[in-house]
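Enquirer: Here's my sequence, what's the structure:
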Amino acid sequence: MPEFRHIHLDTRAPASEAMDAIIRLLCQRIEERTGIVVTAGDVPHDCSGLRLHLELRPGIDREGFAIEGDEQVMRIAGSEPCGLLAGVGHFLHTTGYGEGTCHPAHWRGISLPECPVRGIFFALHNNWYALAPRAEIHRYIEDLGLWGINTICFHFPQYEDPTTPEARAALAEFRELLRVVKRLGMKVALLKEPNIGFVNPPAAIRAAIFPDTIPPRRGTGGPRVCPSRPAGFAYLSHMLATCLDGFTDIGVDYIVTFPYDAGGCGCADCWPWGARGYLTIAQEFFRLARERYPECKRVLGTWCFDVREESDGEYPGLAQRLAQDDGWVDYLMADSHEDFPRFLLEHGVPGNLPVLNFAEISMWGRFPWGGSGANPLPARFQRLWDQAQHLLAGGFPYSEGNFEDINKIICSRFYWKKDTPATDAVRAYIAYEFSPVVVELVAEAITLLERTYPHTDRQSVEVERAYALIQQADTVLPPRARASWR
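Expert: From the prediction side, this is the model:
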């Protein structure tokens, strides 16, 4: 493997915000790891270093990338910025680094993602996403893009009085998050429970109580509004239009409806919620969205449909509704607390629509979320992925912060190539984020950390072994990795 102490960058794409951002982070990441300052512009006649070319090239399908060239001249190409970003990420993740040197990987070829929707849902409420410095969040979005994530999903912000100084400041900060995503050539998704009103909706349009699980797993919170009452429908339609109006200058690529936690209504005209009232207001939400964002994809969330011991008939009712008319939705999003919903596995997908998952990568088995540090669960995610991958076109894993960073990368690798083993994703992550020399040590430690994750059958000898492996790895990490939050 050749060793280079100089890198020269040439771009063959027209200047744009996305290209500028990709060039900046490529140069930044190389300099951080090696100290090499990447030069750019015309290639010097006496250039003896690595020559990198970045270009946008039509014809590379599905946001894929190509890496070509010999040992001294490498070309990274994508048909659009998102694919080029993933190609730059592949280059960075497979290159070797030393003090003042780099060893580019040998891989050459074309890589095409198998899932079109490779997202992460950022839950912006009283957690790392809400409290960390904005620059850290912006960089984190870049890191995810380098691993092939192409969409960041956020909950719609909702303010009782959007004219207050506090609401204006919060909205301006949120809009900047969306711009960061867009500047990288990535996509924006916005999610909302469509029957959650403002703080005090009129009593006459409030939603009725409905059956819940014990302990409550859905429908908590509020205030919920009944869409089956004409006044309630009008109230919700106006509210949803107001939410949608705030981003026409930025653009929204996916609108995602969510049924529970905190949505729902149990009145005679709405229940079962997932087969009746929810579909009524979701269809209105999508209609309003398409008026403002004509190309946006419409994602109907079905999280926690039919989770009670006796089915409420939500999935069968949805299947019947979509058999009559499926032209108002583009994707279903399905998942639950434990296994993938059995209805879809046993009866097929309502409307034969492509399916996205909503993988729980943050909260499973722990409270408070993140309160126990990192929670790597590769075996769990492999089991869940194996259940449903034949149905899935990607997903929006639910994230509460950066403590489950490795879980995001496992999902991103599944989305890129469906038969990627979770263990391979773990090893690639360790090699890049920590060091290639500690892959075996840390991979074994992660296996032990997952095995000892449940409190009920934890074996102290396995905990001690994991601790010893991490201690051993720490002694040989480069200073950059040892100081990293990861």
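Enquirer: Identify the residues contacting Ala391.
Expert: No Ala there; residue 391 is Leu. Leu344, Leu345, Val349, Val355 (C-beta atoms under 8 Å, 6 or more residues apart in numbering). For glycine as for every other residue, the C-beta is placed from the backbone atoms N, C-alpha and C.
Enquirer: err, Gln382, not the other one
Expert: Pro421, Ala422, Thr423.
Enquirer: picking up where we left off before, farthest-separated two in the contacts of Leu391?
Expert: Farthest pair in the contacts of Leu391 (C-beta to C-beta) is Leu345 and Val355. Separation: 10.6 Å.
Enquirer: Look at those two and report which has more neighbours.
Expert: The neighbour count for Leu345 versus Val355, taken as other C-beta atoms under 10 Å, is higher for Val355 (23 against 15).
Enquirer: so how far is Asn150 from the more buried one?
Expert: Note on Val355: its distance to Asn150, by C-beta to C-beta, to the nearest Å, is 17 Å.
Enquirer: can you pull out the strands in the stretch 51-200 of the chain?
Expert: For the stretch 51-200 of the chain, applying DSSP state E, counting those that start in this stretch gives strands covering 65-69, 73-78, 96-98, 101-103, 109-111, 117-122, 151-155, 187-192.
Enquirer: so where is the stretch 201-350 of the chain shaky, pLDDT-wise?
Expert: 215, 217-221 (pLDDT under 70).
Enquirer: And the strands in it?
Expert: So, for the stretch 201-350 of the chain - with DSSP E, counting those that start in this stretch - the strands run 254-257, 297-301, 331-334.
Enquirer: Ala40 pairs with what?
Expert: Ala40 has these beta-bridge partners by DSSP bridges: Leu9.
Enquirer: Give me the pLDDT for it.
Expert: At Ala40, the model reports a pLDDT of 84.
Enquirer: go on, His45?
Expert: 61.
Enquirer: do you know how far the nearest residue to Arg486 once chain neighbours are set aside is from Val38?
Expert: Leaving aside its chain neighbours, Arg486 sits nearest to Glu433 (5.0 Å; criterion: C-beta to C-beta, 6 or more residues apart in numbering). Counting by C-beta to C-beta, the separation of Glu433 from Val38 is 21 Å.
Enquirer: the more surrounded of those two?
Expert: Neighbour totals were compared for Glu433 and Val38, and Val38 leads with 19 against 16 (other C-beta under 10 Å).
Enquirer: How about the contacts made by that one?
Expert: Taking C-beta under 8 Å, 6+ apart, one finds Ile7, His8, Leu9, Leu26, Cys27, Ile30, Glu31, Leu52 in contact with Val38.
Enquirer: Show me the residues you listed that map onto helices.
Expert: Judged by DSSP state H, helices contain the following of those: Leu26, Cys27, Ile30, Glu31.
Enquirer: what sits against Asn195?
Expert: Counting by C-beta under 8 Å, 6+ apart, Asn195 touches 207, 224-227, 232, 236, 263-265, 277-278, 281.
Enquirer: now, which of the residues you listed sits nearest Arg134?
Expert: Closest approach between these and Arg134, by C-beta to C-beta: Gly263, at 29.5 Å.
Enquirer: sorry, back to before: let me have the contacts of Leu391 in a markdown table, extended by distance to Arg175.
Expert: Output for the contacts of Leu391, formatted as a markdown table (distance: C-beta to C-beta, whole Å):
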| residue | distance to Arg175 |
| --- | --- |
| Leu344 | 35 |
| Leu345 | 39 |
| Val349 | 35 |
| Val355 | 30 |
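Enquirer: What is the nearest of the residues you listed to Ala123?
Expert: Within the contacts of Leu391, proximity to Ala123 (C-beta to C-beta) peaks at Val355, which comes in at 21.3 Å.
Enquirer: confidence score at that closest one?
Expert: Looking at Val355, the pLDDT reads 98.
Enquirer: mind listing what it touches?
Expert: Neighbouring residues of Val355 by C-beta under 8 Å, 6+ apart: Tyr331, Leu332, Met333, Ala334, Leu344, Val349, Ala388, Leu391, Leu392, Ala393.
Enquirer: isn't the fifth one right next to Met333, touching?
Expert: No - shown here, Leu344 and Met333 do not form a contact pair, counting by C-beta atoms under 8 Å, at 11.2 Å.
Enquirer: Report the set of residues contacting both of Leu345 and Val355.
Expert: Ala388, Leu391.
Enquirer: so what's the closest residue to Pro397 other than its chain neighbours up against?
Expert: Closest residue to Pro397 apart from its sequence neighbours, by C-beta to C-beta, 6+ apart: Ala359 at 4.1 Å. Ala359 makes contacts with Asp335, Phe381, Leu384, Gly395, Pro397, Tyr398, Cys411, as judged by C-beta under 8 Å, 6+ apart.
Enquirer: Which ones among those residues lie within strands?
Expert: Gly395, Tyr398 (DSSP state E).
Enquirer: Looking at the contacts of Ala359, which is nearest Ile76?
Expert: In terms of C-beta to C-beta, no member of the contacts of Ala359 lies closer to Ile76 than Cys411, at 23.8 Å.
Enquirer: Now do the contacts for the closest one.
Expert: Residues near Cys411 by C-beta under 8 Å, 6+ apart: Ile120, Ala359, Ile361, Phe381, Gly395, Pro397.
Enquirer: Closest one of those to Arg482?
Expert: Ile361 (25.4 Å).
Enquirer: quick one: the closest one and Tyr398 touch, right?
Expert: Yes - contact criterion C-beta under 8 Å: Ile361 and Tyr398 qualify, at 6.5 Å.
Enquirer: Mind listing the residues bridging to the residue most central in space within the chain?
Expert: Residue closest to the mean C-alpha point of the chain, counted by C-alpha atoms, centre = their mean, is Ile120 at 1.1 Å. Taking DSSP bridges as the rule, Ile120 bridges to Ile152.
Enquirer: Give the burial count for Glu71, as a bare number.
Expert: 11.
Enquirer: picking up where we left off before, could you dump the strands of the stretch 51-200 of the chain into TSV and include distance to Pro201?
Expert: Below are the strands of the stretch 51-200 of the chain laid out as TSV (distance: least, C-beta to C-beta, whole Å):
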stretch	distance to Pro201
strand 65-69	48
strand 73-78	47
strand 96-98	56
strand 101-103	59
strand 109-111	49
strand 117-122	26
strand 151-155	19
strand 187-192	15
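Enquirer: Now for Ala289: which residues touch it?
Expert: So Ala289 contacts Leu244, Val252, Ile255, Cys296, Arg298 (C-beta under 8 Å, 6+ apart).
Enquirer: distance of it from Val225?
Expert: 18 Å.
Enquirer: Pro211 too?
Expert: 19 Å.
Enquirer: now swap in Asn126 and tell me
Expert: 24 Å.
Enquirer: Compare neighbour counts for these two and give me the winner.
Expert: Val225 (25 against 11).
Enquirer: in the sheet, who's paired with that one?
Expert: Arg206.
Enquirer: Kindly check the end-to-end length of stretch 415-422 for me.
Expert: Taking C-alpha to C-alpha, to the nearest Å as the measure, stretch 415-422 stretches 11 Å from start to finish.
Enquirer: May I see the buried residues of that stretch?
Expert: For stretch 415-422, a neighbour-count test (16 or more other C-beta atoms under 10 Å) marks Tyr415, Trp416, Thr420, Ala422 as buried.
Enquirer: any idea how far that stretch is from the chain center?
Expert: The chain centroid and the centroid of stretch 415-422 are separated by 15 Å under C-alpha atoms, centre = their mean, to the nearest Å.
Enquirer: Noted, bye for now.
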